[in-house]
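*Asks:* sequence plus predicted model, see below.
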Amino acid sequence: MPIEQIHPMMVHFPIALLITSLFLDFLSIIIKKDAFEKSAFYLLILGILGAVAAIIFGLLAEDAASKRPNIADTIETHEALAFITTGIFIALLIVRYIFMKKDNFKKVKPYYLIAALIGVAFLLATAKFGGHMVYELGAAVNANILK
Ligand code: HEM
């Protein structure tokens, strides 16, 4: 399998896992069970690992996709958004871990949730630009099948 075909498989992991992590954090406010908050924490870690994998395979797909005309700016924006998104979630993981160790994550949780919402907005913007590249600009579409 060509290496540039792995990125589209990987992108589902950060999108699904990071959004579900935030969802469980909100759910834990309504249903006060520690299990939801704990699961959100582990999904955050897995989501970040997924984002790192998506970045690695995204960078490996960049050259092939760049052969399309009019795509350079969109790739750069998509790439920058991916790095910002992943940076936000790594920072959130570090902060969350520090406060969990001190046993007072609940105190900062409202701020965490706001920052995580911003992170998800960046994640969705990353995905939006990725989809735009593939479905509107024709990145990763075999030119021969369009003839
Ligand atoms: C958090 C990290 C990332 C996420 C969530 C993400 C998400 C996406 C999504 C949803 C698509 C559309 C896939 C499809 O529908 O087929 C896409 C395409 C693409 N992304 Fe990313 N991306 C990430 C990081 C990166 C990075 C760092 C690069 C490096 C430039 C990159 C390069 C590409 C390219 C070239 C495409 C079009 C070709 C393809 O699908 O492989 N991505 N991305």
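*Replies:* Yes, it's here. Since this is a predicted model, take the numbers as computed values, not measurements. Residues are numbered from 1 along each chain as shown.

*Asks:* so I45, which of the three states?
*Replies:* Under DSSP: H, G, I helix; E, B strand; the rest coil, I45 falls in the helix class.

*Asks:* what's it in contact with, if anything?
*Replies:* Contacts for I45 (C-beta atoms under 8 Å, 6 or more residues apart in numbering) come out as L93. For every residue, glycine as well, the C-beta is placed using N, CA and C.

*Asks:* with the ligand as the reference, measure out to it.
*Replies:* From I45 over to the ligand the distance is 15 Å, taken as C-beta to the nearest ligand atom, to the nearest Å.

*Asks:* now that residue: how far from I90?
*Replies:* I45 sits 10 Å away from I90, going by C-beta to C-beta, to the nearest Å.

*Asks:* close to the ligand: what parts of the protein are there?
*Replies:* 4, 7-8, 11, 14-15, 51, 54-55, 58-59, 61-62, 65, 75, 78-79, 82, 85-86, 126-127, 130-131, 133-134, 139-140 (C-beta under 6 Å from any ligand atom).

*Asks:* please produce a PyMOL select command covering the buried subset of those.
*Replies:* Buried residues among these (16 or more other C-beta atoms under 10 Å), as a PyMOL selection:
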select buried, resi 4+7+11+14+15+51+54+55+58+61+62+65+75+78+79+82+85+86+126+127+130+133+139+140
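
*Asks:* among the residues of the chain next to the ligand, which ones are in helices?
*Replies:* Taking DSSP state H, the ones among the residues of the chain next to the ligand that sit in helices are 7-8, 14-15, 51, 54-55, 58-59, 61-62, 65, 75, 78-79, 82, 85-86, 126-127, 130-131.

*Asks:* so where's the chain uncertain?
*Replies:* For the chain, the stretches with pLDDT under 70 are 142-147.

*Asks:* I'd say L113 and D25 touch.
*Replies:* Yes: under the criterion of C-beta atoms under 8 Å, L113 makes contact with D25 at 6.1 Å.
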